[in-house]
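A.B. asks: please find the sequence and the predicted model below.
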Amino acid sequence: GDRRWVSLLADSIFGERGAREYVILTLTDVTEAKLQHTLQSKALEAIAHDLPSDAVLHILCQEVERIIPHVYACVVGADAGGALYTHASPSLPLCREIRKIRVSNNDSPSGRAIFTGQDIMETDIAGSDYSDFVKKLLHSLHIRSCLSCPILSGKGRVLGVVSLYSTLQEAPGELQTRID
């Protein structure tokens with residue numbers, strides 16, 4: 001399972017003579033709030049240090065990978081000619097290879113998310129209809145599933161995509177869907 005952050009509250013119940021008779025423990029899942037706080041803090045710190053946007057994205061991807069160990073995070077864009085390029089990919093060596101992938105409905109999860117403007121969840125990349133090039137590339141990196149979510153402008157134009165590639169062949173966990 002996913003890592004969870006919890007808050008523990010302990011209340012004592014005292015008897016008539018003032019002795020503690022019971023302790024009531026309350027656990028509250030604070031994972032979502034902790035995750036949002038951590039990512040916001042990292043982003044604000046990087047921005048405060050005047051880091052370029054790709055460096056901020058790199059830091060955020062690293063933090064996601066730290067929180068969810070079996071996931072590789074990357075942020076991808078597309079140029080005017082429809083070729084994908086990497087904004088941030090701290091743990092995946094995709095920078096050179098990704099230029100060979102095009103924005104289309106069939107080439108890759110990231111390309112499909114940019115093409116359709118919709119979230120793409122692929123739980124079996126090897127059995128997917130993506131290009132053989134993409135399937136071989138991701139297989140060589142031990143990637144088995146992916147969640148790709150478009151980054152939209154205020155007017156709904158696709159600016160890029162956040163992709164969470166997993167070494168597990170399963171649907172994304174709750175933390176992954178919360179991050180995107």
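C.D. replies: Thanks, I have the structure now.
A.B. asks: dump the lengthiest helix in the chain to PDB, restricted to CA.
C.D. replies: What stands out as the longest helix in the chain, according to DSSP state H, is helix 31-48. Taking Å, rounded to 0.1, in the frame of the first residue of the first chain, the C-alpha atoms of helix 31-48 are listed here in PDB:
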ATOM      1  CA  THR A  31      -2.100  12.300   4.100                       C
ATOM      2  CA  GLU A  32      -3.800  14.600   1.600                       C
ATOM      3  CA  ALA A  33      -3.100  17.700   3.600                       C
ATOM      4  CA  LYS A  34       0.500  16.700   4.300                       C
ATOM      5  CA  LEU A  35       1.100  15.900   0.600                       C
ATOM      6  CA  GLN A  36      -0.300  19.300  -0.500                       C
ATOM      7  CA  HIS A  37       1.600  21.100   2.200                       C
ATOM      8  CA  THR A  38       4.900  19.400   1.200                       C
ATOM      9  CA  LEU A  39       4.600  20.000  -2.500                       C
ATOM     10  CA  GLN A  40       3.500  23.600  -2.000                       C
ATOM     11  CA  SER A  41       6.400  24.200   0.400                       C
ATOM     12  CA  LYS A  42       8.900  22.700  -2.100                       C
ATOM     13  CA  ALA A  43       7.500  24.800  -5.000                       C
ATOM     14  CA  LEU A  44       7.400  28.000  -3.000                       C
ATOM     15  CA  GLU A  45      10.900  27.500  -1.700                       C
ATOM     16  CA  ALA A  46      12.200  26.900  -5.300                       C
ATOM     17  CA  ILE A  47      10.300  29.900  -6.600                       C
ATOM     18  CA  ALA A  48      11.700  32.100  -3.800                       C
END
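A.B. asks: now for it, which elements pack on it?
C.D. replies: Secondary-structure packing of helix 31-48 (3 or more C-beta pairs under 8 Å, 6 or more residues apart in numbering; DSSP states H and E): helix 53-67, helix 174-179. Heads up, the C-betas are built off the backbone N, CA and C, glycines and all.
A.B. asks: and the ones you listed, which one is worst for confidence?
C.D. replies: Sorting the helices and strands packed on helix 31-48 by mean pLDDT places helix 174-179 lowest, at a mean of 53.
A.B. asks: good, we can wrap up now.
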